[in-house]
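# Structure, please.
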Amino acid sequence: MENEDIRIARSIIHILDSSVGVPVLSDKELEHGSDFGDFLRGHILRIAGSDDIKSCSFDKEESAVYPLLASWEDEKFVDVSKQIAVELYQVMNANIDIPAADLLVVQYSVERHPYLALLKMNYKTEYTHMTNSDPWGNQNDVLKYKAILPGEKQKLSEAALISLEDYSIRLLEKKYEVNGVKTNYFSTVFLKCKGSMSSKTRLAIVNRTVADVQKKYYDESEQFEVQMEAKSIISQELAEKGSLDVPAVLGKIFKGKTEMEEEVLEKLDKWNIADTPVAPQNPATTRKFEKQHLMTDTGIEIKIPMEAYDNKDTIEFITNPDGTISMLIKNIGKIESR
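All right, here's what the predicted structure looks like:
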C-alpha cells in the first residue's frame, strides 16, 4: 500500500483529557486539505506497515464498539465517533496511568474497501516562543505546551484500523496499569477483541526459543558458535524469502538433531507459531539480524556484518587448545577510527 492509495473520506477529533473531567466531543467533521490529508495518510500508512501490529477480531457478545460499526451508515459518522470516544474516555478516566490524548477517527478507503481508523494521539510536551509587545518594546518568552499531538513521522502507541466490511482489526497497543495490573487495555478493555501476536513478537520468540534450547544442549564454549550460526541462517532466510518457514529453518539450524528441533517446536506450539510463516514487513524488524553483535569477557565489543561473518576469507574464529577463542580478521586494506 502506498500513500496515494489511501483516500480520506471524513475525519473528526475528540479531546480525551482525564484532567478536564469530561470528554470534549466535536460536533463537526474536520476539513482535511492537502497538508492535513498527508498527516492522516502518513499515520495510517505507518500503522499498516508496522511489524508491531496485531490481527484481531471483535468479541461480538462483549464489545460495545462492534455494534456501532455493524450498523454503520456514513451519515452517522459523527455520532458513532462520539460514542466510540466516550467508551475510550470511560476506560481512561477509571485508570489514571493511561495517558491523556486526542482521538482522531478517520473514515477512509483503500482500493474501494472502506475502513475506520481510531488514532489515539497521546500528548507530548513541547516548547515554543511568543513575542509580547508594549510601548517599551518587545519581549520574547518561551512557553510550554502540554497537549502537542504526535507528528506525521512519529509512531503512535495505540491505534486500530478496522475494516467496515468484515470488521477485522489491525491493532497497535501498549500496556498500561489497569486495576493494578499491566494490561493491553486497548484490546481487552476498550475494543474487547482478541487476536494473534505481531510478526515482530513472533520473530523474537523464535529467536529466543532457539537460543534457549541451544544453551541447554551445548557447553558454554560451544554456545557462541552455534548461536552465531543460527542467527546467520535466520538472516539468510529473511533476506532471500522475506519470511521464515519455521520448521524448515529449524531443520537448517539443528541439522538432524531431532531432539533439539522437536523441543523448539513443542515450545513454539504453545504460542501457535510453529505452523505459521513469520513474515515481517518493516526493515527495522529484520535489521538486528544483519549484524552479529559480540561482546567478550574482556569488555571488547565487536559488530560484524552478516555477509562478512559468512565469508571465511574475511573473518575466522579459532578455538585454542586452552578453550579460549581467537578471532582472525583477514585481508584488511584500511582501518578507520570512528
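# now the stretch 1-150 of the chain, which segments are flagged as low pLDDT?
1 (pLDDT under 70).
# Could you pull out the strands in it for me?
Secondary structure of the stretch 1-150 of the chain by DSSP state E, counting those that start in this stretch: the strands cover 6-16, 54-58, 101-110, 113-122, 124-134, 137-148.
# mind listing what the nearest residue to A70 once chain neighbours are set aside touches?
Distances taken as Cβ to Cβ, 6 or more residues apart in numbering put Y167 closest to A70, at 6.9 Å, once the chain neighbours are dropped. For the C-beta atoms, the positions are set from N, CA and C on the backbone; glycine is no exception. With contact set as Cβ atoms under 8 Å, 6 or more residues apart in numbering, Y167 has these partners: 57-58, 66, 69-70.
# Format those residues as JSON lines; extra columns: neighbour count and distance to P277.
Compiled in JSON lines, the contacts of Y167 are given as follows (neighbours: other Cβ atoms under 10 Å; distance: Cβ to Cβ, whole Å):
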{"residue": "S57", "neighbour count": "15", "distance to P277": "20"}
{"residue": "F58", "neighbour count": "21", "distance to P277": "25"}
{"residue": "Y66", "neighbour count": "20", "distance to P277": "29"}
{"residue": "L69", "neighbour count": "17", "distance to P277": "30"}
{"residue": "A70", "neighbour count": "12", "distance to P277": "32"}
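# out of these, which one sits closest to K82?
Comparing the contacts of Y167 against K82 with Cβ to Cβ places L69 closest, at 13.9 Å.
# Check the nearest residue to the closest one once chain neighbours are set aside and give its pLDDT.
Closest residue to L69 apart from its sequence neighbours, by Cβ to Cβ, 6+ apart: Y167 at 6.0 Å. Confidence at Y167, expressed as pLDDT, is 95.
# Could you do N184 as well?
Taking N184 on its own, its pLDDT is 93.
# pretty sure it is touching K175, no?
Yes - here N184 reaches K175: they are 5.5 Å apart, a contact under Cβ atoms under 8 Å.
# Using PDB, write down the CA coordinates of stretch 197-212.
The C-alpha coordinates for stretch 197-212 follow below in PDB (Å, rounded to 0.1, in the frame of the first residue of the first chain):
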ATOM      1  CA  MET A 197       0.800 -11.800  18.100                       C
ATOM      2  CA  SER A 198       2.600  -9.300  15.900                       C
ATOM      3  CA  SER A 199       5.200 -10.600  13.500                       C
ATOM      4  CA  LYS A 200       7.900  -8.700  15.400                       C
ATOM      5  CA  THR A 201       6.900 -10.500  18.600                       C
ATOM      6  CA  ARG A 202       6.700 -13.900  16.800                       C
ATOM      7  CA  LEU A 203      10.200 -13.400  15.300                       C
ATOM      8  CA  ALA A 204      11.600 -12.500  18.700                       C
ATOM      9  CA  ILE A 205      10.100 -15.600  20.300                       C
ATOM     10  CA  VAL A 206      11.500 -17.900  17.600                       C
ATOM     11  CA  ASN A 207      15.000 -16.400  18.000                       C
ATOM     12  CA  ARG A 208      14.800 -16.600  21.800                       C
ATOM     13  CA  THR A 209      13.500 -20.200  21.900                       C
ATOM     14  CA  VAL A 210      16.200 -21.400  19.600                       C
ATOM     15  CA  ALA A 211      18.900 -19.700  21.800                       C
ATOM     16  CA  ASP A 212      17.300 -21.200  25.000                       C
END
